[in-house]
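Q: would you be able to build a 3D model of this:
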Amino acid sequence: MTLSAFLSRFTSRTPAPRRLQLYSTQTQTSSSSATKPQQRPKNSPQQENIGILRAYGKPVSTIFLWSALTYMTLQAVWSKLYSDEMRLETETKMEEIKAELERLE
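A: The predicted model follows:
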């Protein structure tokens, strides 16, 4: 078993992103110094962008969703702790005012 076959077991199942191909110039093998005009790659740039989106879209969206869920959870926990703190302070103030009213009567 080759190393690449072994490692392929542990890699994700999403296909590896295709590398963007730049417009390349090719020289003729004949003795003339003329070059062929630039050739376009088989896929258009729009198709290349779709390929990149397919390759990286799922991991990016997964990270975004997990971070949004984490943020909302931490916000809810903070809100609960803050409301408990405010309720405790309010109850303490009420007890002080009640004690002062009883002292004045």
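Q: mean confidence score for the strand or helix carrying T90?
A: Assigned by DSSP states H and E, T90 belongs to helix 45-104. Mean pLDDT, helix 45-104: 92.
Q: please shift the residue numbers so they start at 529 in all later answers.
A: Sure thing, new numbering starts at 529, so read that last one as helix 573-632.
Q: by contact count, what packs against that helix?
A: Using 3 or more C-beta pairs under 8 Å, 6 or more residues apart in numbering; DSSP states H and E as the contact test, no helix or strand touches helix 573-632. To be clear about C-beta, it is placed using only N, CA and C from the backbone, and glycine gets the same treatment.
Q: count the residues that sit near T590.
A: 10 (other C-beta atoms under 10 Å).
Q: ok, now which ones touch V588?
A: For V588, no contacting residues are found, by C-beta atoms under 8 Å, 6 or more residues apart in numbering.
Q: for T601, see how far away it is.
A: 21 Å (C-beta to C-beta, to the nearest Å).
Q: cool, and S607?
A: Taken as C-beta to C-beta, the span from S607 to T601 is 11 Å.
Q: how many neighbours does R582 have?
A: 13.
Q: same question for the one 10 residues further on.
A: The local packing of F592 (other C-beta under 10 Å) involves 10 other residues.
Q: please apply the same query to S589.
A: With other C-beta under 10 Å as criterion, S589 counts 10.
Q: measure it to L602 for me?
A: 20 Å.
Q: do I580 as well
A: Taken as C-beta to C-beta, the span from I580 to L602 is 32 Å.
Q: what about the two, which has more around it?
A: I580 (14 against 10).
Q: tell me how far the more buried one lies from L593.
A: 20 Å.
Q: how about L616?
A: 35 Å.
Q: cool, and I578?
A: Counting by C-beta to C-beta - I578 and L593 are separated by 21 Å.
Q: more neighbours: these two, which one.
A: I578 (13 against 10).
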